[in-house]
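J.: all I have is the shape, not the residue letters:
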DNA sequence: CTGTTAGCGCGTTCAC
DNA sequence: GTGAACGCGCTAACAG
């Protein structure tokens, strides 16, 4: 692996000059520029990014923390962030936090030790104080899906309550009055907010909330099945089931079918997130679209603008509104 | 951000001693070790990985190239590799190549410039010569899903032909004789091999291969729909459809249903890969399991063993065998 | 066991 | 326009 020194020798110029043509900031005469380029090609020279970073105190890389590396939801997020940043010549270092505080901390500390210029965090488990302490240490962070009052301008969030509201309201508008709900884990903010939206829609329609019609899941498919079974054995008259994410909706669909129900004739099911496979399901899932890819882009734009001083052609929005996606799993309530 | 120098001053020891307690390789007395730790805590010191790398010529990071950051297939692969390597204290830098030679090269060169200790590559588009030239430059690479004769010990591959064979054979065993096929793009090795397996099974059963019953797709869901429609309009008597991946199988299912066919009564459908959503589909997809997570783990193990000289508790296997996963989308051919 | 001294490969002043 | 010299933060001999 050739070094800048070897290039300078081969080109018969000084090491500083080579550095100049690499970075293209200072003026270098055309003739020497050519000589240097020729030498670089001949030696197959590639700048050592590590050394560049150490010298310039800039890594041109941004750290990204997601909960999981698999799954469509985070896949969409990673994908949009990576492509936007890569177009700008920046690079992304991805880590997974697995929704555990300790692992999230480790991941963040790894990103810090790599001296990323900024961190885009989807941190679910770590405390607010910890996040704030990062800022105190001059770590540039931007949060996705987490709302911290004192860090508002660094938070990009979805209006989860609105989402929950839209889902249940859609069921109500189809005439449903007995509506069950499978929520996410209560310790997660977004799960609480989505549930709050559900209750809000119920209240607005003068339907009283019945805790027997609510099951707490953990966002996994299996809990959709389990939830359906538990709910059904306690109450067999609900005609619609709203789920806090698409995975659980899918599980519920499977369980419902195994119990001989057809969808949406016997039971309407509504999901949340609109992940890719929602449209693969049968019937195609009616769900609430979570614009996670756009939120990722927004985070990337924030970094480009605030950290790298690049001009961007969007305004920074911090609150995203979800929308209902009407497909086939929600139907009108049956007469009689 | 405190430096090692500040720590050494605060602890009243030399800079080298601090380095020793950080790396824990040389012996340091308990007392000074304590002093150093106290100083590090007080200053909130975090080693600068960039500087460590430059000095030690070791980054403790391995580069990973996948085609896409989204999608269950690569998600599983990234996930297994990351968790295995992280457990070993190594870190993963992930990049996407988008199945384009130019982008793959850029991604690889980025990983090289970051001086990753090794590269795990799922390179689809880049040439064999390019890959070989990497080795000539002392870049340690290990390939997933790519078989290069002169690099065999660095290739971890799936027996795709066997997979294609198993899929079609399963259909034949259910009595099907008119079997259509939607393949992946012919320029990809794996697509060719899967198709070869299909033909092999056909031949073994004395069914002649009919090119009118074969459609070339690009591994995307939409091409499953398109493929079904094209195949159907040319021939409406086939009773089974084998698809080269699950996405296309899903698309085909949708299209078949839109054409009034029920699955598997009117048409059996078989997929390939066994990605997560295959079991969410309705009916649940019969498919060929692609042990991509295990292959990823194997690659990680190879790196741990060959690059980091760690002892691993598996033998390195380079050829993985796929297996049929029987679910509900394949049924016996209808009498009459 | 501990301190001193060179670099690692490069960016960045300063002079010329 | 170009070169010499220093420093980024740390590891790795080499002495002691």
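T.: On my side now, so go ahead. Bear in mind the structure is a predicted one, so any value in this text is a computation, not a measurement.
J.: so where do the strands sit in the stretch 201-336 of chain A?
T.: For the stretch 201-336 of chain A, the strands defined by DSSP state E, counting those that start in this stretch cover A:214-216, A:240-243, A:268-270, A:287-289, A:319-320, A:323-325.
J.: tell me which of these sits most buried.
T.: Stretch with highest mean neighbour count among those: strand A:240-243 (a mean of 31; mean count of other CB atoms under 10 Å in any protein chain shown). Bear in mind the C-beta positions are built from the backbone N, C-alpha and C, glycine included.
J.: direction included, what does that strand pair up with?
T.: Using DSSP bridges, the strands paired with strand A:240-243 are strand A:179-183 (parallel), strand A:268-270 (parallel).
J.: to DNA strand D, which of the strands of the stretch 201-336 of chain A lies closest?
T.: Nearest to DNA strand D among the strands of the stretch 201-336 of chain A is strand A:319-320; the distance by CB to the nearest atom of the strand comes to 37.7 Å.
J.: please name the strands paired to the closest one in the sheet, noting orientation.
T.: Its sheet considered, strand A:319-320 pairs with strand A:155-158 (parallel) by DSSP bridges.
J.: just after the partner strand, pick out the following helix or strand.
T.: Using DSSP states H and E, the helix or strand that directly follows strand A:155-158 along the chain is helix A:160-173.
J.: what residues does chain A put near DNA strand C?
T.: Counting by CB under 7 Å from any atom of the strand, chain A comes close to DNA strand C at A:1, A:3-5, A:15-16, A:19-20, A:22-23, A:25-26, A:47-48, A:51-52, A:54-56.
J.: any of those residues buried? List them.
T.: Taking 16 or more other CB atoms under 10 Å in any protein chain shown as the criterion, what is buried in those is A:4, A:19-20, A:22, A:47-48, A:51-52, A:54.
J.: and chain B, which of those contact it?
T.: Applying CB under 8 Å from any CB of the partner chain to those, one finds that A:47-48, A:51, A:54 fall near chain B.
J.: thinking again about what came up before, quick one: closest of the strands paired with strand A:240-243 to residue B:64.
T.: strand A:179-183 (35.1 Å; CB to CB).
J.: so the closest one versus helix A:160-173, what angle?
T.: 150 degrees (axes from the mean of the first three to the mean of the last three CA atoms, to 10 degrees).
J.: restrict the residues of chain A next to DNA strand C to contacts with DNA strand D.
T.: A:15-16, A:20, A:26, A:51, A:54-55.
J.: so where do the strands sit in the stretch 1-150 of chain A?
T.: A:61-66, A:91-96, A:118-121, A:141-144.
J.: comparing these by mean pLDDT, which bottoms out?
T.: Of all these, mean pLDDT reaches its minimum on strand A:91-96 (a mean of 91).
J.: wait, does that one make contact with chain B?
T.: Yes - counting by CB under 8 Å from any CB, chain B has neighbours in strand A:91-96: A:91-96.
J.: adding neighbour count and distance to residue B:127, write the residues you listed out as TSV.
T.: Output for the residues of strand A:91-96 next to chain B, formatted as TSV (neighbours: other CB atoms under 10 Å in any protein chain shown; distance: CB to CB, whole Å):
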residue	neighbour count	distance to residue B:127
A:91	22	24
A:92	23	26
A:93	23	28
A:94	25	27
A:95	27	32
A:96	23	32
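J.: and the helices in the stretch 51-200 of chain A?
T.: All helices of the stretch 51-200 of chain A, identified by DSSP state H, counting those that start in this stretch, fall at A:72-87, A:101-113, A:128-136, A:160-173, A:189-204.
J.: and those helices: which comes nearest residue B:248?
T.: helix A:72-87 (17.2 Å).
J.: that closest one: which residues count as buried?
T.: Under the neighbour-count criterion of 16+ other CB under 10 Å, helix A:72-87 has A:72-86 buried.
J.: next one: stretch A:257-264
T.: Quick answer for stretch A:257-264 (16+ other CB under 10 Å): A:257, A:261, A:263-264.
J.: max pairwise distance over the residues of strand A:91-96 next to chain B: which two?
T.: Most distant of the residues of strand A:91-96 next to chain B, by CB to CB, are A:91 and A:96, 17.5 Å apart.
J.: surely residue A:98 touches residue A:66?
T.: No - if you go by CB atoms under 8 Å, residue A:98 and residue A:66 don't touch, sitting 9.6 Å apart.
J.: okay, now the unreliable bits of chain A?
T.: Counting by pLDDT under 70, chain A shows low-confidence ranges at A:335-336.
J.: which parts of it sit against DNA strand D?
T.: Contact residues, chain A versus DNA strand D (CB under 7 Å from any atom of the strand): A:12-17, A:20, A:26-29, A:31-33, A:51, A:54-55, A:57.
J.: so of those residues, which ones are in helices?
T.: A:15-17, A:20, A:31-33, A:51, A:54-55 (DSSP state H).
J.: any chance of those in TSV, with distance to residue B:232 too?
T.: Listed next are those as TSV, based on distance: CB to CB, whole Å:
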residue	distance to residue B:232
A:15	68
A:16	69
A:17	67
A:20	64
A:31	67
A:32	66
A:33	61
A:51	60
A:54	62
A:55	63
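J.: can you tell me the centre-most residue of chain A?
T.: By CA atoms, centre = their mean, chain A has its centre lying nearest to residue A:77, at 4.4 Å.
J.: and the closest residue to residue A:103 other than its chain neighbours, how many neighbours?
T.: Among residues not flanking residue A:103 along the chain, residue A:97 sits closest, at 5.2 Å (CB to CB, 6 or more residues apart in numbering or on different chains). The tally of other residues near residue A:97 (other CB atoms under 10 Å in any protein chain shown) stands at 23.
J.: same question, residue A:205
T.: When counting by other CB under 10 Å, one arrives at 15 neighbours for residue A:205.
J.: backbone phi and psi for it, please?
T.: Backbone geometry at residue A:205, expressed as degrees, to the nearest 10, gives phi -100, psi 10.
J.: skipping adjacent residues, who's closest to it in space?
T.: Per CB to CB, 6+ apart, closest to residue A:205 is residue A:172, 4.8 Å.
J.: now do the contacts for the one you found.
T.: A:179, A:201-202, A:205, A:207 (CB atoms under 8 Å, 6 or more residues apart in numbering or on different chains).
J.: on that earlier part again, any idea which of the strands of the stretch 201-336 of chain A gets closest to residue A:61?
T.: Nearest to residue A:61, of the strands of the stretch 201-336 of chain A and by CB to CB, is strand A:319-320 at 26.0 Å.
J.: ok, residues contacting that closest one?
T.: Contacts of strand A:319-320 (CB under 8 Å, 6+ apart): A:156-159, A:291, A:294-295, A:298.
J.: 7 Å instead, please
T.: Here strand A:319-320 makes contact (CB atoms under 7 Å, 6 or more residues apart in numbering or on different chains) with A:157-159, A:291, A:294-295.
J.: over to stretch A:139-158?
T.: Contacts to stretch A:139-158, defined as CB under 7 Å, 6+ apart, come from residues A:112, A:117-123, A:128, A:131-132, A:134-135, A:190, A:290, A:295-296, A:298-299, A:302-303, A:307, A:318-320, A:322.
J.: how distant is that stretch from the center of its chain?
T.: 13 Å (CA atoms, centre = their mean, to the nearest Å).
J.: and for stretch A:103-121?
T.: Worked out by CA atoms, centre = their mean, stretch A:103-121 lies 16 Å from the chain centre.
J.: ditto for stretch A:255-272
T.: The answer for stretch A:255-272 is 28 Å, by CA atoms, centre = their mean.
J.: which outside residues touch it?
T.: Under CB under 7 Å, 6+ apart, the answer for stretch A:255-272 is A:163, A:167, A:170-171, A:174, A:176, A:194, A:224-225, A:228-229, A:232, A:239-246, A:249, A:252-253, A:278, A:283, A:285-288, A:290, A:328-331.
J.: go with 6 Å
T.: A:167, A:225, A:228-229, A:240-246, A:249, A:252-253, A:283, A:285-288, A:329-331 (CB atoms under 6 Å, 6 or more residues apart in numbering or on different chains).
J.: now a ChimeraX select for only the buried ones of the residues you listed.
T.: Buried residues within those, by 16+ other CB under 10 Å, are selected in ChimeraX with:
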select /A:167,225,228,229,240,241,242,243,244,245,246,249,252,253,283,285,286,287,288,329,330,331
